[in-house]
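Colleague: predicted model and sequence follow; I will ask about them next.
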Amino acid sequence: MKLTQSIKLIGIGDNGQASLLPQYIKWIEESDVLIGGERLLAFFPYYKGEKLVVKSGLKKLVETIQNDTRNMVILASGDPLFYGLGGYLSKKIKIEVYPYLSSIQLAFSRIGESWQDAYITSVHGRSMKGLVQKIEGYDKIAILTDSENNPSTIAKYLLQFGMTEYKAFVAENLQGNDEKTGWYSLEEMKNSDFSPLNVVILKRIAPSPKWTLGIPDDEFSQRRPDKGLITKKEIRVLSLQALQLQRDSIMWDIGTCTGSVAIEAARIARDGQVFAIEKNEGDLANCIENQHKFRTDLTAIHGKAPEGLETFPNPDAIFIGGTGGNMTDLLNVCCDRLKDGGRIVLNAATIENLYKAIECFKELNFHTSILHAQLAHNKPILGMNRFTPLNPIYIITATRKEEIND
C-alpha cells in the first residue's frame with residue numbers, strides 16, 4: 001500500500017545547500033522529483049531522482065503535480081510565501097512550506113535596520129504603473145525588482161516625480177559568492193548597472209512635499225488665459241466624498257481637464273487605478289504636468305468620451321466633470337460598465353444638464369441623489385469683508401437600483 005504523496009516547498013538562499021537545514025537536505029535526497037528553476041536545481045548536481053525545470057506558467061506546474069503520485073520537493077528562492085510561488089501553489093494543492101530568509105530580511109540586515117515599519121512592494125513581473133503614489137511619503141521602502149524593472153529603471157521613474165529626498169541601497173546576489181551592496185543617490189543609481197538578482201531599499205533623508213485632501217486650485221497648472229477650467233477645491237472634495245473611493249478602487253475621470261479630481265483620487269486609491277480622458281490636448285498636457293508635481297501616476301488619454309472608454313477596465317467609481325454635449329450615449333456606457341455597488345458622480349452647472357442627467361439615470365434604472373452646492377469666499381473690501389460666490393454646482397450621485405426578483 002502506497003503512502004500518501006508528500007509535496008514539500010522549501011525556500012533556499014543564494015548560497016545553495018549551505019542555507020538548508022540537514023533535515024531539508026534529507027527530504028530532498030529522499031524525494032522522487034525535484035522541481036525548481038535552473039539556477040536552484042544546479043545546487044544539487046548529484047540528485048538521483050527526476051529534475052523538473054519550471055519554465056512556463058504555474059498553472060501547468062500544478063497540472064503536472066496533480067497528475068503525479070510521487071513524492072516531490074519544490075525549490076523556491078527565499079520565503080516562497082513572500083511574493084513567491086507559494087501563495088499560488090498552496091491554494092491549488094496540499095503542500096508543506098518551509099521558508100528561508102526573504103531577500104528583504106537579508107537586505108535590511110546588511111544596513112542594520114529594522115524593517116517592520118517599511119513599506120514593501122514588488123515590481124517583479126509587474127507593471128511599474130502607479131508605483132509613485134503607493135510609496136510616496138514613507139520613510140523606508142523596499143522594492144523587489146526584475147531584469148526589466150531594475151534599479152536603474154526605478155531611479156529614472158522616480159526622478160520624473162522629483163523624489164530626490166530618497167537615497168537608495170541596492171543589495172545584489174545576497175549570500176552569493178559575488179554579493180555586492182551599496183548606497184546610491186537616485187542620479188547615481190540611474191546611471192549604474194546591477195546584477196539581475198537584487199533588492200532595492202529607499203530611505204528618506206529629507207522632507208517630502210505634503211499635500212492634504214483639497215489641494216489649492218492655484219497649485220495646479222491650468223490653461224491660460226482661461227484660468228478657472230478646474231473643478232474647484234470645495235466642489236472637488238464634496239465630489240470625492242460622494243465617490244466613496246477605497247484604497248484599491250478603479251476610477252474613471254471623464255473630462256479631466258487639469259486632472260485635479262483624478263490626481264486627488266489617485267492619492268486616495270493608492271493601490272487602485274485611475275483612468276482619465278480629456279478632449280483638449282492643452283488641458284491634457286497640464287494634467288500630465290500636474291501628475292508629476294503631485295506624484296501620481298495615472299492613465300490619462302486624449303479623446304472625447306464615450307470613445308476611448310473601451311480601453312479602460314470596468315470601474316468602481318466614475319466622475320463626470322463634463323459630458324461634451326453627448327450625455328445620453330456617455331451615461332449609457334458608464335452605467336453599463338460600472339461594477340455592482342459602484343457610484344457615478346456627475347457635476348452639472350446648469351438646470352438643463354441637471355434635468356437631462358436625472359432623466360437619463362432614471363431610464364437606466366439608477367437611483368440619484370443631488371447636492372446643490374452654493375459656496376462663497378470672503379473678499380476684503382475697504383477694511384471690511386464681503387463674500388464672493390462661486391458658481392453653483394449640482395453634484396449628482398447615481399447608484400444602480402437593486403433588482404427586484406419576481
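Modeller: Cool, the structure landed. Numbers count the residues shown, from 1 in each chain.
Colleague: tell me the pLDDT of the most centrally placed residue in the chain.
Modeller: By C-alpha atoms, centre = their mean, the chain has its centre lying nearest to D271, at 4.0 Å. Here, the pLDDT recorded for D271 equals 95.
Colleague: looks to me like it is in a helix.
Modeller: No. Going by DSSP: H, G, I helix; E, B strand; the rest coil, the assignment for D271 is coil, not a helix.
Colleague: elements contacting the helix or strand harbouring S109?
Modeller: Using DSSP states H and E, S109 falls within helix 103-111. Packing partners of helix 103-111 (3 or more C-beta pairs under 8 Å, 6 or more residues apart in numbering; DSSP states H and E): strand 140-144, strand 166-172, strand 198-204. Glycine gets a C-beta too; all of them are placed from N, C-alpha and C.
Colleague: mind redoing it with 6 Å?
Modeller: In terms of contacts (3 or more C-beta pairs under 6 Å, 6 or more residues apart in numbering; DSSP states H and E), helix 103-111 is packed against strand 166-172, strand 198-204.
Colleague: so which bits of the helix or strand that it is followed by are buried?
Modeller: Using DSSP H and E, the next helix or strand after helix 103-111 towards the C-terminus is strand 119-122. For strand 119-122, a neighbour-count test (16 or more other C-beta atoms under 10 Å) marks 120-122 as buried.
Colleague: run me through the strand neighbours of strand 119-122, direction for each.
Modeller: strand 140-144 (parallel) (DSSP bridges).
Colleague: quick one: contacts of the partner strand?
Modeller: The contact list for strand 140-144 (C-beta atoms under 6 Å, 6 or more residues apart in numbering) reads 83, 104, 118-122, 124, 135, 200-203.
Colleague: at 8 Å instead, please
Modeller: Applying C-beta atoms under 8 Å, 6 or more residues apart in numbering, the contact partners of strand 140-144 are 83, 103-104, 107-108, 113, 115, 117-124, 135, 154, 166, 199-204.
Colleague: quick one, it and strand 166-172 angle?
Modeller: Strand 140-144 and strand 166-172 are oriented at 40 degrees to each other (axes from the mean of the first three to the mean of the last three C-alpha atoms, to 10 degrees).
Colleague: looking at strand 140-144 now, give me its mean pLDDT.
Modeller: Here the average pLDDT along strand 140-144 is 97.
Colleague: show me how far it is from its chain's centre.
Modeller: Relative to the centre of its chain, strand 140-144 is centred 14 Å away, using C-alpha atoms, centre = their mean, to the nearest Å.
Colleague: then stretch 214-223?
Modeller: Worked out by C-alpha atoms, centre = their mean, stretch 214-223 lies 24 Å from the chain centre.
Colleague: now swap in stretch 36-47 and tell me
Modeller: 34 Å.
Colleague: kindly report the same for stretch 107-115.
Modeller: With C-alpha atoms, centre = their mean, you get 25 Å for stretch 107-115.
Colleague: list the buried ones in that stretch?
Modeller: Neighbour count says stretch 107-115 has 107-108, 115 buried, by 16+ other C-beta under 10 Å.
Colleague: just for the stretch 201-350 of the chain, where's the confidence low?
Modeller: For the stretch 201-350 of the chain, residues meeting the criterion pLDDT under 70 lie at 224-228, 324.
Colleague: how about the strands in it?
Modeller: All strands of the stretch 201-350 of the chain, identified by DSSP state E, counting those that start in this stretch, fall at 250-254, 273-278, 299-302, 317-320, 343-348.
Colleague: show me where the chain has helices.
Modeller: 22-30, 38-41, 58-66, 86-92, 103-111, 131-135, 151-160, 186-190, 233-243, 260-268, 281-293, 327-337, 351-363 (DSSP state H).
Colleague: among the helices and strands packed on helix 103-111, which comes closest to L240?
Modeller: In terms of C-beta to C-beta, the element of those nearest to L240 is strand 198-204, at 27.0 Å.
Colleague: buried set for that closest one?
Modeller: So, applying 16+ other C-beta under 10 Å, buried residues of strand 198-204: 198-203.
Colleague: from those, which two are the most distant?
Modeller: Farthest apart among the buried residues of strand 198-204 - using C-beta to C-beta - are N198 and K203, which lie 16.1 Å from each other.
Colleague: so what's K293 up against?
Modeller: Here K293 is in contact with 162, 219, 221 (criterion: C-beta under 8 Å, 6+ apart).
Colleague: report the angle between the helix holding S109 and strand 166-172.
Modeller: Going by the same axes, to 10 degrees, helix 103-111 makes 110 degrees with strand 166-172.
Colleague: what does helix 103-111 contact?
Modeller: Contacts of helix 103-111 (C-beta under 8 Å, 6+ apart): 13, 77-79, 82, 114-115, 118, 120, 142, 144, 169, 171, 174-175, 181, 199, 201.
Colleague: check the offset of that helix from the chain's centre.
Modeller: 24 Å.
Colleague: check stretch 376-383 too.
Modeller: Stretch 376-383 has its C-alpha centroid displaced from the chain centroid by 43 Å (C-alpha atoms, centre = their mean).
Colleague: neighbouring contacts of that stretch?
Modeller: Contacts to stretch 376-383, defined as C-beta under 8 Å, 6+ apart, come from residues 385-390.
Colleague: weed out the non-buried ones from those.
Modeller: Among the contacts of stretch 376-383, none counts as buried by neighbour count (16+ other C-beta under 10 Å).
Colleague: and of those residues, the nearest to A285?
Modeller: L390 (25.9 Å).
Colleague: can you check the pLDDT for that closest one?
Modeller: 86.
Colleague: how much space is there between it and I235?
Modeller: 8 Å (C-beta to C-beta, to the nearest Å).
Colleague: can you check which residues contact both of these two?
Modeller: L375.
Colleague: could you check how far A262 is from I268?
Modeller: From A262 to I268 the distance is 11 Å (C-beta to C-beta).
Colleague: for S147, same thing?
Modeller: Separation of S147 from I268 (C-beta to C-beta) stands at 33 Å.
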